[in-house]
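>>> The following comprises the amino acid sequence and a computationally predicted model.
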Amino acid sequence: MQTKQIVSPRAEYLKPRSEGFHYSIKRIRFDENYQPADSTRVTTNFANLARGESRQENLRNALRMVDRRFNALAHWDNPKSDRYAVELEIISVDVDVAGNGETFPSIEILKTKIYDRKNDQQLDGIVGNNFSSYVRDYDFSVRLREHNKNQKKFSIPEDFGDLHGKLFKDFLKSATYRENFSKPPVICLSVSDNKIYQRTENQHPVLGVEYKANESSLTEQYFKKMGFEVRYFLPPHSVAPLAFYHFGDLLSDYTNLELIGTISTMETFQKIYRPEIYNANAVAGNLYQPNLKNSDHSLTQIVYDREERSQLAVKQGVFAEENFIKPYQSILQQWSANCAV
């Protein structure tokens, strides 16, 4: 009797492919001296913090919040809560789809590194964390709006997110990714304010209490086409669950310190961007529905222009349409069809 071999999502992700687009990456350290590159989406969360008169103070305060949260979670053998420091690196990915050396800014993600002062050692963290994409802006801010213009009932195009998902999977299977990163990415996002989350009995020492969503969101469906699964956890001493989009086994594939790096970084960002949820004065209960109109919350001392960010998403979606979708339409359509086969 033959035993059927089970291929894990992580093993499938690690399998290289013989053909695909060419990707290149640029790295820039995210610290108090960070200046966004010209190709950086200005709606990217960390780029928004690095603008205006308060830019350096914004960055300094945000990084201090990350370090404090990390040391609070990594409290063992850490009596003064100062053993660790988190270093953040912005990974910008450019794609060449025509093979002529001309590139388009594909995505931007964050890479965490953890410095252990006690052992004078730098530890690798998780890649992913934040996620930024021009093509996603096009899908949500241009294509979805056009599709529903003058429609009585909201609907989603049948192939919505297909191209973006295939491009992302292609990058993960590229030599560029495998040469630079040893593990699959984890993206950590805010929970959706139109869903209800149910507390479960499952609890992890670092990720905290797991929650289950009552239904799938459009974001969840979009990320599923990129290959991600999602789990929701309320970390210790947090007030709202975070959405962890991942490949493979989130709880087993990463060390506690790797997970803490992601939690401390992305929870800090969410406290700044969505204080109504992540800096609320009440902790999520057994049944939890996030509320962006919640007035019972505290503000950080960090300046963030949320209204400007939403307006710019449309402009950047148009930029992607004019500089990537339309000029390379025939190449992308043919490549996407071959991917389906």
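Right, received. Where do you want to start?
>>> Now do residue 234 against residue 81, distance only.
In this structure, residue 234 lies at 21 Å from residue 81, with Cβ to Cβ, to the nearest Å as the measure. Just so you know, the C-beta spots here come from the backbone N, C-alpha and C atoms, and that holds for glycine as well.
>>> sorry, that was for residue 190
For residue 190, the distance to residue 81 - Cβ to Cβ - is 26 Å.
>>> who has more neighbours, these two?
Neighbour comparison, residue 190 and residue 81: the larger count goes to residue 190, with 19 against 13 (by other Cβ atoms under 10 Å).
>>> who's in contact with the more buried one?
Residue 190 is in contact with 242-243, 270, 273-274, 277-278, 290, counting by Cβ atoms under 8 Å, 6 or more residues apart in numbering.
>>> Now do the same contact list for the nearest residue to residue 60 once chain neighbours are set aside.
Excluding the flanking residues, the one nearest residue 60 by Cβ to Cβ, 6 or more residues apart in numbering is residue 32, at 4.6 Å. By Cβ under 8 Å, 6+ apart, the residues touching residue 32 are 56, 59-60, 63.
>>> now the residues you listed in CSV, with secondary structure?
Written out in CSV, the entries for these read as follows (DSSP: H, G, I helix; E, B strand; the rest coil):
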residue, secondary structure
56, helix
59, helix
60, helix
63, helix
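>>> most surrounded residue in the residues you listed?
Neighbour counts for the contacts of residue 32 peak at residue 63, which has 21 neighbours (criterion: other Cβ under 10 Å).
>>> ok, it to residue 157 distance?
Taken as Cβ to Cβ, the span from residue 63 to residue 157 is 40 Å.
>>> and residue 277, that one's in a helix?
Yes: under three-state DSSP, residue 277 sits within a helix.
>>> ok, it - contacts?
Taking Cβ under 8 Å, 6+ apart as the criterion, residue 277 is in contact with 190-191, 193, 239-240, 270, 290-292, 294, 297.
>>> Over to residue 196?
For residue 196, the set of contacting residues under the criterion of Cβ under 8 Å, 6+ apart consists of 213-214, 287-289.
>>> Show me what the helix or strand hosting residue 58 is packed up against.
Secondary structure from DSSP states H and E places residue 58 in helix 55-73. In this structure, helix 55-73 packs against helix 45-49, strand 84-96, helix 256-273, with contacts taken as 3 or more Cβ pairs under 8 Å, 6 or more residues apart in numbering; DSSP states H and E.
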